[in-house]
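>>> Pasted the sequence and its predicted model underneath.
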Amino acid sequence: MNKAADTGARFRSIAANDGAVRFDAVTRRFGEITALNEVSLSIRQGEFMTLLGPSGCGKTTLLNLAAGFLGPDSGEIRIAGERMNDVPTYRREIGMMFQNYALFPHMNVAGNVAYGLKARRVPKRDRDRRVEQALALVRLTGFEDRMPRQLSGGQQQRVALARALVINPAVLLLDEPFSALDKNLRTSMQLELREIQRKLNVTTIFVTHDQGEALSLSDRLAVMSEGRIRQLGTPEEIYRRPCDRFVASFVGDANVLRGRLDGIEGTMAVIAVGIARVAVPRAASMDVAASAPVDLFVRPEHLTMTEATESCATSGTVVAHVYQGGYVDTYVECPESSRDRLLVRSGGNQALTRWPIGSRVGISIATGEGVAFA
Amino acid sequence: MYQRLLVFVGRVAVLLILGFLVLPAAVVTIAAFNDKAILSFPPQAWSLRWFAKAIAYQDFREGFRNGLIVTAWSSSLALVVGAMFAFVLDRYRFRFRKTIEAILLSPLVIPHFTVGLGFLILAAQVGWNRTYFIVIACHVVLVLPFVLRSVYISLRNLDQGYERAAASLGASPSRVLATVTLPLLLPGLVSGWLFAAMLSFNEFTASLFVTAQRTQTLPVAMYNYVREFADPSMAALSVMYIAGTAGLIVFANAYLGLGKVLNIEQSR
């Protein structure tokens, strides 16, 4: 290669380096179905990016495109600035964790972890040292000679993580790795994974349909549906400022109140709910005429129950309390809700005694919270 | 009371059926130790001389050797061919896939004498009717469906996640095949081969057509013997057959893990 071309290549890779992994207008069809429709996404070095969506939204297809198990019909995939479209899986520097871990059942723990190093022809002494380090990282020192079937679910998962990380991949791909674990173990594994991911600063793409998992783990998340990214943002942005009805109802619990647009004041929209007025940040899609019907989406913890007075946003009758330990979920029958019931989440357990079932309560909305959609 | 009677009758029925299943083998085994030169039952006096005669008989010795040659070649060839076809049928979707599968499995429904006769006619045309080649070719066709089935089912049960995991770790397709796919398929391959070998070694009908004096396998040699003699050396040979097969199964159980070989145990 001559020097000019070499410099050119380096320049391109720097230019593309604003994304450790980049998808540019990637489309993938399966027969008649368009699984991905011109999806573009740029993932930063060291970032923990979650692809969140219901099944069939295209999140797994996107992950498989990054891994090279599938090829795109059009568009471009880059890892570390290099075009990956025609690079087979085994030449991509990826580490992947599968839903069922896919540990090789005929190899022991050390054999599983060493597999990627052997494929790269790492000399034995170096290999042994790196396997030892990787197992120490996932706290499985001393398990080298165990077979996968002798391990618990959590241990199997740690081996899978060590196996994926020991090769120092440019990107770590996680395909719903926690779905097979019970709840307690899941939470501790999530914390552990995130800690390791931060320590190694490895760019990570995480696929899940569990919105709680997505919110708690991600640096940023992409909410997907029907082959497109509906919204890309930090967990807080997605949770507090969902861009459309789909995102608002898919991520977290949401109450929907029927109201009317009363007017626009700068970046805020004033919504009339019943006789009350609520100011909420304006959603991009809100360009309807005044007094047009709109739906106001509010999180359960942004609603509070008060004495039923004129100044409340709305009011209703308490129909049920669900004690959740740290908080109480109260269902309030309310004509303004599109589902006839509102969910109010209050900390502690005072709600249980203060608002017994059947009591009439006023509902107020925390200032500045909620999003309205036409 | 009735319940007890039912249980009792049930137990007797089960014992009778089991007894009936082992009856032929039991009768032959007892007859093999008969001192008399005719196949009679029950024996009056006991002897091992028919075993000695069977072992010493030249046609049986040659038949045994020929059978081993034919079995080793045909089941190994069928394993290679069957495994490749099983792979293609499992991994690829193409036109005529069903047709190809049907053709490969067709020897299951075509009578063995038809296959044997067909090969005999073909071999006579090209002058190969006295060679091992034609016997082995015939046996490959006969055992192929069993090998194909065995490998195909193992492939179906093989989670492709393992191969994907290997590829994601940097293993080239040939490396994936050698270090992941084949080792995980080993139980299916071994059981397919064993099954093919037993079928091939015992095959008689088609072998009768395609073997010559020089290439005759043990079952054919036994048939030729029984046409002329009716002494218990046949029974003695049968006992050795049973003992040999049982030994093979014990060996497979001890060294290969029969559960695994027969796909009874889950590999995970």
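That came through fine.
>>> need the residues of chain B near chain A, please.
B:159, B:161-162, B:164-173, B:175-176, B:179-180, B:183-184, B:267-268 (CB under 8 Å from any CB of the partner chain). (C-beta placed from N, C-alpha, C; glycine too.)
>>> Please repeat the previous calculation with a cut-off of 7 Å.
Counting by CB under 7 Å from any CB of the partner chain, chain B comes close to chain A at B:159, B:161-162, B:164-172, B:175, B:180, B:183-184, B:267-268.
>>> Just the ones in helices from the residues you listed, please.
B:161-162, B:164-168, B:175, B:183-184 (DSSP state H).
>>> Where does the stretch 201-350 of chain A get nearest to chain B, which residue?
The stretch 201-350 of chain A approaches chain B most closely through A:Ile205 (12.8 Å), counting by CB to the nearest CB.
>>> same question, the stretch 151-300 of chain A
A:Ile167 (6.5 Å).
>>> Grab the nearest non-local neighbour of residue 83.
As the question left the chain open, I've gone with chain A. A:Glu76 (6.1 Å; CB to CB, 6 or more residues apart in numbering or on different chains).
>>> sorry, should have said chain B
B:Val151 (4.8 Å).
>>> Now for the residue nearest to A:Val21 when sequence neighbours are not counted, how many residues are close by?
Excluding its sequence neighbours, the residue lying closest to A:Val21 (CB to CB, 6+ apart) is A:Ile43, at 4.3 Å. A count of nearby residues for A:Ile43, using other CB atoms under 10 Å in any protein chain shown, gives 22.
>>> A:Ile43 contacts A:Thr204, doesn't it?
No. Judged on CB atoms under 7 Å, A:Ile43 makes no contact with A:Thr204 at a distance of 8.4 Å.
>>> anything in contact with each of these two?
A:Met49 (CB atoms under 7 Å, 6 or more residues apart in numbering or on different chains).
>>> picking up where we left off before, so how many other residues sit close to the residue of the stretch 201-350 of chain A closest to chain B?
A:Ile205 has 26 nearby residues by other CB under 10 Å.
>>> Go ahead and confirm it touches A:Glu47.
No. Judged on CB under 7 Å, A:Ile205 makes no contact with A:Glu47 at a distance of 9.0 Å.
>>> which intervals of chain A have sub-threshold pLDDT?
A:1-18, A:283-289, A:310-311 (pLDDT under 70).
>>> Centre-most residue in it?
Taking CA atoms, centre = their mean as the criterion, A:Ala214 is the residue nearest the geometric centre of chain A, at 3.0 Å.
>>> Quick check: longest helix in the chain by residues?
With no chain named, the answer covers chain A. The residue-count maximum for a helix in chain A (DSSP H) belongs to helix A:183-200.
>>> wrong one, chain B
Chain B, longest helix under DSSP H: helix B:58-91.
>>> Show me which residues of chain A sit near chain B.
Going by CB under 7 Å from any CB, the residues of chain A near chain B are A:67, A:69, A:89-90, A:94, A:96, A:98, A:100, A:102, A:104-106, A:115-116, A:119-120, A:149, A:163, A:167.
>>> circling back to that earlier point, the residue nearest to A:Arg83 pairs with what?
A:Asp24 (DSSP bridges).
>>> hang on, isn't it packed against A:Met84?
No. Using CB under 7 Å, A:Glu76 makes no contact with A:Met84, being 8.3 Å away.
>>> So if I had to pick from the two, which one is more boxed in?
Using other CB under 10 Å as the criterion, A:Glu76 and A:Met84 rank with A:Met84 on top: 23 against 15.
>>> List the contacts of the more buried one.
A:68, A:77-78, A:92.
>>> Tell me which of the residues you listed fall in strands.
A:77-78 (DSSP state E).
>>> wait, isn't A:Ala313 in contact with A:Ala366?
No. Contact criterion CB under 7 Å: A:Ala313 and A:Ala366 do not qualify, at 10.4 Å.
>>> Could you check which of the two is surrounded by more residues?
Shown here are A:Ala313 and A:Ala366; by other CB under 10 Å, A:Ala313 has more neighbours (26 against 12).
>>> so what's the more buried one up against?
Contacts here follow CB under 7 Å, 6+ apart; on that basis A:Ala313 touches A:273-274, A:276, A:278, A:363-365.
>>> Quick check: phi and psi at it.
Backbone torsions of A:Ala313, given as degrees, to the nearest 10, read phi -60, psi -40.
>>> follow-up on the earlier one: what secondary structure does the residue of the stretch 201-350 of chain A closest to chain B sit in?
strand (DSSP: H, G, I helix; E, B strand; the rest coil).
>>> SS state for A:Gly362?
Assignment for A:Gly362 (three-state DSSP): strand.
>>> Is it bridged to anything, and to what?
Counting by DSSP bridges, A:Gly362 forms beta bridges with A:Thr306, A:Ser315.
>>> partners of A:Thr208 in the sheet?
Beta bridges link A:Thr208 to A:Leu52 when assigned by DSSP bridges.
>>> Would you confirm that it contacts A:Glu176?
Yes. A:Thr208 lies in contact with A:Glu176 (CB under 7 Å); the separation is 5.6 Å.
>>> Which of the two has more residues huddled nearby?
Using other CB under 10 Å as the criterion, A:Thr208 and A:Glu176 rank with A:Thr208 on top: 22 against 19.
>>> tell me the contacts of the more buried one?
By CB under 7 Å, 6+ apart, the neighbours of A:Thr208 are A:50, A:52, A:176, A:214.
>>> Helices along the stretch 101-250 of chain A, start to end?
A:109-119, A:124-137, A:153-165, A:183-200, A:211-217, A:235-240, A:245-250 (DSSP state H, counting those that start in this stretch).
>>> Which residue ranges make up the domains of chain A?
Domain segmentation of chain A under automatic domain parsing yields A:3-93+A:168-245, A:253-373.
>>> First-to-last residue distance for the last one?
It refers to domain A:253-373. With CA to CA, to the nearest Å as the measure, domain A:253-373 spans 16 Å from end to end.
>>> From the chain's centroid, how far away is that domain?
26 Å (CA atoms, centre = their mean, to the nearest Å).
>>> for the longest one, same thing?
On the basis of CA atoms, centre = their mean, the separation between the geometric centre of domain A:3-93+A:168-245 and that of its chain is 10 Å.
>>> Which neighbouring elements make contact with the helix or strand where B:Val135 lies?
Here B:Val135, judged by DSSP states H and E, is contained in helix B:132-157. Packed against helix B:132-157 by the contact rule (3 or more CB pairs under 7 Å, 6 or more residues apart in numbering or on different chains; DSSP states H and E) you find helix B:58-91, helix B:97-105, helix B:112-126, helix B:182-202, helix B:205-210.
>>> Poorly predicted segments of chain B, please.
B:39-41, B:255-268.
>>> Would you mind measuring from the residue of the stretch 151-300 of chain A closest to chain B to A:Pro177?
17 Å (CB to CB, to the nearest Å).
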